[in-house]
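Engineer: Quick one, fold the following:
(chains A and B)
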Amino acid sequence: MKPHHGAHTSNSYIGAHIERVEDYRFLRGEGKYLDDISREGQWHAAFARSQIAHGKIRSIDVSKALAMPGVRAVITAADIEGDIPTIPFRRPNPTIGPYAQPIIARDKVRYFGEPIAMILADSPELAEDALQGVVADIEQLPVMIDCKRAMEDKSLLFDVTGSNLASIFNADKGDVDAAFASADFIIRDQLSTQRQTALPMETRGLLAEWDAKNGKLTVSGAAKLPFFNRTTMAAMMNLPETAVDYIELDVGGGFGARGEFYPEDFLVAFGARKFDRPVKWIEDRREHLMAIGHSREASCDVELAFSKDGVMLGMRGDLFINIGAYVRPNGMTPVRNAAQFMSGPYRMPAIHIAAYACVTNKTPAGTYRGPGRYEGNFFIERLIDQAAAGLGVDRLEIRRRNLLTHEEMPYPLATVLPSDGRADTQCDSGDYRVCFDACVQEANWAEKSKLQGKLIDGRYHGIAIGCFIEGGASGPQENARMVLEKNGDISLFAGSSGIGQGIETILAQIAADYLEIPMERITVFHGSTNLLKKGWGSYGSRATVMGGSAVIDACKKLLALFRISAAKRLGVEPEAITIAEGVARLADGRSVPLAEVASDHLEVDGSFKNQTPTYTYGSAFAHVAVDPGTGHVDVVDYVVVDDVGRIINSMTLHGQVMGAAVQGFGSVFSEELIYNEEGQLLVGSLADYLIPTASDYPVVRCVSMEQFPSPTNPLGAKGAGEGGIIPVGGVVTNAVANALSSFGVQPKTLPLTPSRVWEMIEDARVRA
Amino acid sequence: MKLPQFDYQAPTSLIEAVALLMAGKGDARPLSGGQSILPVMAFRLAEPSLLVDLRNIPDLRAIEVSAAGVRIGAMVRWRDILDNAQLKDALPLLPEAVDHVAHYQVRNRGTIGGSLAHADPASEMPAVALALDAVIEVVGAKGARDIAAADLFTGSLSTSLSHDEIIVAVRFPAWPATRRYAFEEFARRRGDFALAGVATCYDVDAQGHAKNVRVSALSIADTPIRLKAAEAAIEGRAIDADAIKAASAAASAEVDPAGDIHASARYRKALVGTLLGRALTRAAARTAR
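Structural biologist: Residues are numbered from 1 along each chain as shown, chains lettered A, B, ... in the order given. Take a look at the predicted model:
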């Protein structure tokens, strides 16, 4: 199907398989990350963090630390005048106010790793040495690490609220009681996903510089949403927004976690301003694990109602999300998303889901790629496979009967209240059966289905398929400034930020097609607040759609100016001019190339406003082999078929899908942030937090389609950065259950560690 | 996770190195490949005041194969062992086990002496040394002495070495032509610390029965341990399916592992038996050289 935005573009770059522009510098080791920059006379920060998960602070004595070599200063809550600032929410709601995170603990600590003091010293080593000199006297309070225990309110994290429940989101649609009353079959289960973190390879880091003469703060190390963070920082610092700049360098991954506003962000800047010194901080991996946003700790008690032929009638139940000790800027996103998106790509006429966001004495949670969607998908896909068995309906057929069709678009999902500004949403376009059937084909289901439950060479084989939708193109707006340089090249200043996803390539491709000039003539600058007046950033799979559409607007405006400039030079009316391939032409053969009007200083601001999300959709297939002796699960084959509306670059797209799928394997099998009963995090390094490595999993096979462009934007594109991870938990776990069907094993809890898989088999053997 | 402050010396003789360790009074530590001590220091779990780098000391890097057995210098790296053609015949269990040691980069730096001195119960080398009756040659302030592998490991990350003693070499008895062997371990990802592992070998007598059966296990107790019940279960028997089953069951029965964040105790106990079963199956399938 042709894209629907008209014939303006020669379309030679969009849709192509183009190597990433950024990779030339990355592969040569020329990337510039935060730790690659330093300033004369800078101090280094290290954070003393509470080793007590819940307690009242009696005193914090920093005198020993201050006396240690190279230590310049130590900041504690006592150095902050007035109330301790709290970090604002990106999507507020009426109940979460009291749960905001203060930038340093003053009276109380609520999680292991909460900052209680910041050391400033001449080197990072000396700063770390001095952590031993911070002596905290903390009166221990009862520790709550479990969501349901916390909800009993026996020990409160926030006395002022009288509750450990920060919010309850209700997702509703149709008459759910009637749906269940009329059901032929109901399946109910209690399932859970484990606490994880996004784990960008580059840990967090900042370099803050205070220009006392001009009263200006510059923060390097921005990622994800520099403009929001600038606004936040300016307000907390009581500075005008224009007095703060966020500078983006190369960023080693974001995945939802890196780039949010954290307590350290304020403290580093506070130190720089207070002492008029550049202050640099790079998080080490151990503190990264205990301090960056966690995610995914969710459990459910949910039931699905079906007719006897496998048609979904309704869904109801409760979700319990452990959000940790505070509500961070986007801490509610996974909670409300899990409730709204659990029905996913399926026609679900009636829904009532209550999602409970409870605070506990663990690191505060935020978003991680596919927030809430991954969890919800795991829950519903596990239920669907069990329903298929219970109903005696084929696993393919039960999905095909319930997948949304083109005729039903746009299709409304459940309404989620309290509203965070997007209570209602609807699937935008597509025929979800098309990707599904393509996935069945690509996976060779007919052949593979003969392997189900079979023991071959000591391993049990299993297969499964699952379906997903991915919300993308987060609003409200994105901007792009475009300048025609003296040599006729184009500089493009994007409000989108680069977090490793390749926007320098994507945005240049789009601009090149719309300007009809070679891509090499376009240089993309991005992510810093000093590049353009307004911008948003990269989150919610938005950079291609939102940033790309803003670039289109800029291109149109630039071409309009080019037309006027060329008309002046040729002494004609602008309407007489035709522009093609970077040259303005008249019918009589006279022409003006773009470079020739550079002296007119052509500069435009493009923007794109959109509050309507795009929904990429697709299906994923997994084939696993389980070793019953060790509990090891080998992913033999994995296929993802998605429809992204319009493919801009199949190479970066498949990089996103493949990377996300493999990241999901880490979620299913090995990554877990485990706490003991005292609330101490037992995972301190990458020897304990086991992320997938290149040799652990097979090549993920990706097939992408563009049959149904999104009607929400001029590209017809849909956000595609997260879909790859969303179905992994459900489809892989269902494949494991299928492999172990002779034992009747039904996994309820992730991750599927070898130990847990073996125990499930062993327990089933004992039962039998 | 930044290194604490420490002094560094790289002496050119053993005598000098021992003198430095002695002067350090337990606060100085030898530095070999640095693959364990440096991360431990970065985590601030150990803060020695002095690291005595053994890199400039001559004669610690030889692999000597003779009729009497194999002698491997303490500074021999895993990579050297894997690349050595003689060891594949003279001590085949060793390269098979070393192949499981961590990752490429670690195998390029880590040393056999360093691994033995570090005494991580999850490491391959201590279990292999135990199974093969290796003798550890050390030099210290009181002179040189030999320590039997069985006497070296006293607890998790602790040995019978005194603070001024340096491992200089490891000796392995000659490898009989009729010996069968296998090393098996299971880790959550290749190269991770094993959840459990076993090294086994036995000699085959004229009747085809197993003699001198050795089974050692790693990552199952505070130190590598011999699984003597498993050994006894098959000593003198033909290694057939029944024998393997018996050894496997005995191994699981005799161990009492702890659970941790990676695996439950119950799982580890069963896993030892599973791995021994697989190791013996492979060992029995090997043809005599």
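Engineer: and chain A, what are its domains?
Structural biologist: A:23-31+A:475-609, A:34-141+A:203-251+A:258-291, A:294-473+A:612-767 (automatic domain parsing).
Engineer: Pick the most deeply packed of the ones you listed.
Structural biologist: Ranked by mean neighbour count, these are led by domain A:294-473+A:612-767 with a mean of 22 (mean count of other Cβ atoms under 10 Å in any protein chain shown). Using the backbone N, CA and C atoms, a C-beta is placed for each residue, glycine as well.
Engineer: State the phi and psi torsions of A:Ser496.
Structural biologist: When read as degrees, to the nearest 10, the backbone of A:Ser496 gives phi -70, psi 150.
Engineer: roughly how far apart are it and chain B?
Structural biologist: 33 Å (Cβ to the nearest Cβ, to the nearest Å).
Engineer: a markdown table for the domains of chain A, including mean pLDDT and distance to B:Asp256?
Structural biologist: Shown next, in a markdown table, are those (pLDDT from 0 to 100; distance: least, Cβ to Cβ, whole Å):
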| stretch | mean pLDDT | distance to B:Asp256 |
| --- | --- | --- |
| domain A:23-31+A:475-609 | 96 | 47 |
| domain A:34-141+A:203-251+A:258-291 | 97 | 31 |
| domain A:294-473+A:612-767 | 97 | 17 |
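Engineer: so which of the ones you listed comes closest to B:Lys25?
Structural biologist: Across the domains of chain A, B:Lys25 has its closest neighbour in domain A:34-141+A:203-251+A:258-291 (21.8 Å, Cβ to Cβ).
Engineer: Make JSON lines out of the domains of chain A and add distance to B:Ala229.
Structural biologist: JSON lines is the format used below for the domains of chain A (distance: least, Cβ to Cβ, whole Å):
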{"stretch": "domain A:23-31+A:475-609", "distance to B:Ala229": "53"}
{"stretch": "domain A:34-141+A:203-251+A:258-291", "distance to B:Ala229": "40"}
{"stretch": "domain A:294-473+A:612-767", "distance to B:Ala229": "20"}
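Engineer: Export only the CA atoms of stretch A:357-366, formatted as PDB.
Structural biologist: The C-alpha coordinates for stretch A:357-366 follow below in PDB (Å, rounded to 0.1, in the frame of the first residue of the first chain):
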ATOM      1  CA  ALA A 357       0.100   1.300  42.800                       C
ATOM      2  CA  CYS A 358       1.600   0.500  46.200                       C
ATOM      3  CA  VAL A 359       4.600   2.000  47.800                       C
ATOM      4  CA  THR A 360       7.200  -0.300  49.500                       C
ATOM      5  CA  ASN A 361      10.700   0.100  50.800                       C
ATOM      6  CA  LYS A 362      12.400  -0.600  47.500                       C
ATOM      7  CA  THR A 363      13.900   1.700  44.900                       C
ATOM      8  CA  PRO A 364      11.300   3.800  43.300                       C
ATOM      9  CA  ALA A 365      10.000   2.600  39.900                       C
ATOM     10  CA  GLY A 366       9.700   4.200  36.600                       C
END
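Engineer: distance between it and the chain's centre?
Structural biologist: 18 Å (Cα atoms, centre = their mean, to the nearest Å).
Engineer: and it, does that touch chain B?
Structural biologist: No: figure legend: stretch A:357-366 not in contact with chain B (Cβ under 8 Å from any Cβ of the partner chain); closest approach 15.2 Å.
Engineer: Quick check, the residue in the stretch 601-750 of chain A closest to chain B?
Structural biologist: With Cβ to the nearest Cβ as the measure, A:Gly629 is the residue of the stretch 601-750 of chain A nearest to chain B, at 4.1 Å.
Engineer: for the closest residue to A:Pro69 other than its chain neighbours, phi and psi?
Structural biologist: Leaving aside its sequence neighbours, A:Pro69 sits nearest to A:Leu126 (Cβ to Cβ, 6 or more residues apart in numbering or on different chains; 6.1 Å). Backbone dihedrals for A:Leu126, given as degrees, to the nearest 10, come out at phi -70, psi -40.
Engineer: Mind listing the residues bridging to the residue nearest to A:Ala100 when sequence neighbours are not counted?
Structural biologist: Closest residue to A:Ala100 apart from its sequence neighbours, by Cβ to Cβ, 6+ apart: A:Thr86 at 3.7 Å. Taking DSSP bridges as the rule, A:Thr86 bridges to A:Pro102.
Engineer: wait, doesn't A:Thr86 sit right on A:Ala105?
Structural biologist: No: counting by Cβ atoms under 8 Å, A:Thr86 does not reach A:Ala105; the two are 11.9 Å apart.
Engineer: Which residues of chain B lie near chain A?
Structural biologist: Checking chain B against chain A by Cβ under 8 Å from any Cβ, the hits are B:1-5, B:43-44, B:186, B:188-190, B:192-193, B:195, B:261-264, B:266-267, B:270-271, B:274, B:277-278.
Engineer: Got phi/psi on B:Ala127?
Structural biologist: Dihedral angles of B:Ala127 (phi, psi; degrees, to the nearest 10) stand at phi -70, psi -40.
Engineer: Can you tell me how far it is from B:Ala258?
Structural biologist: B:Ala127 sits at a distance of 17 Å from B:Ala258 (criterion: Cβ to Cβ, to the nearest Å).
Engineer: These two: which has the busier surroundings?
Structural biologist: A direct count of neighbours by other Cβ atoms under 10 Å in any protein chain shown for B:Ala127 and B:Ala258 places B:Ala127 higher, at 30 against 11.
Engineer: so that one sits right up against B:Gly197, yeah?
Structural biologist: Yes: using Cβ under 8 Å, B:Ala127 is in contact with B:Gly197, at 6.5 Å.
Engineer: returning to what we had before: disregarding residues adjacent in the polypeptide, which is nearest to the residue of the stretch 601-750 of chain A closest to chain B?
Structural biologist: Closest to A:Gly629 by Cβ to Cβ, 6+ apart is B:Thr274, at 4.1 Å.
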